[in-house]
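**Q** Structure of the sequence below:
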Amino acid sequence: MTIKPLIILPDPVLRLHSKPVERVDDDLKRFADDMLETMYEAPGIGLAAIQVGEPLRMLTIDLSKEEDEKAPRVYLNPEIVSRSEERSVYEEGCLSIPDYFAEVERPASVTVRYLGLDGETHEETADGLLATCLQHEIDHLNGVLFIDYLSKLKREMVIKKFTKAAGKRVTA
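**A** Numbers count the residues shown, from 1 in each chain. The predicted model follows:
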């Protein structure tokens with residue numbers, strides 16, 4: 001397994017729309033392992049393929065606690081097929097926007113249809129943190145970041161901060 005470098009804001013790659021996974025094969029399964037390893041190393045609870053520079057409709061999630069056994073999940077071509085009218089607010093962060101957190105309001109529950117690594121179509125209804133994480137990661141596949149849910153002023157401040165930091169990294 002290989003730990004992949006993370007794409008960091010303001011990299012325009014994060015705004016790309018990811019392409020559907022065409023087939024489940026050994027290369028894709030190895031890439032899923034690499035994504036999980038990268039997510040654990042970061043450490044994070046979710047990762048979209050675009051965050052490691054691959055515009056594929058693929059994401060990994062593991063909400064297990066540090067002291068618990070890992071419970072990795074891989075979603076291929078995930079799509080939200082229904083959303084609850086009830087809303088919930090979670091403080092979100094993102095591996096591509098390190099050390100920045102903000103409260104985001106989203107549907108409290110979602111039903112997601114996806115392809116598993118077994119090549120089969122699955123449907124799952126999620127609520128709580130899993131619902132939030134799925135929505136956050138699926139947004140990535142569509143070029144949407146959690147900061148897009150913030151006020152224009154807050155979003156612009158975050159982008160400015162990361163653009164300035166990226167400029168320092170380039171010249172250093």
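**Q** who are the neighbours in contact with residue 63?
**A** Contact partners of residue 63, counting by Cβ atoms under 8 Å, 6 or more residues apart in numbering, are 45, 71, 129-130, 133. Where you see a C-beta, it was placed from the backbone N, CA and C, and this is true even at glycine.
**Q** Let me know the secondary structure of it.
**A** coil (DSSP: H, G, I helix; E, B strand; the rest coil).
**Q** Now, the contacts of residue 63 that are in strands?
**A** When those are checked against strands using DSSP state E, none is located there.
**Q** hmm, which of the residues you listed are the buried ones?
**A** For the contacts of residue 63, a neighbour count by 16 or more other Cβ atoms under 10 Å gives the buried set as 45, 130, 133.
**Q** can you redo the contacts of residue 63 as a markdown table with pLDDT and distance to residue 99?
**A** As requested, the contacts of residue 63 are exported to a markdown table (pLDDT from 0 to 100; distance: Cβ to Cβ, whole Å):
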| residue | pLDDT | distance to residue 99 |
| --- | --- | --- |
| 45 | 97 | 16 |
| 71 | 96 | 26 |
| 129 | 97 | 20 |
| 130 | 98 | 24 |
| 133 | 98 | 19 |
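**Q** Give me the subset of the residues you listed lying in helices.
**A** Within the contacts of residue 63, residues falling in helices by DSSP state H are 129-130, 133.
**Q** closest to residue 109 among the buried ones among the contacts of residue 63?
**A** Distances from the buried ones among the contacts of residue 63 to residue 109 were compared by Cβ to Cβ; the smallest belongs to residue 130, at 9.6 Å.
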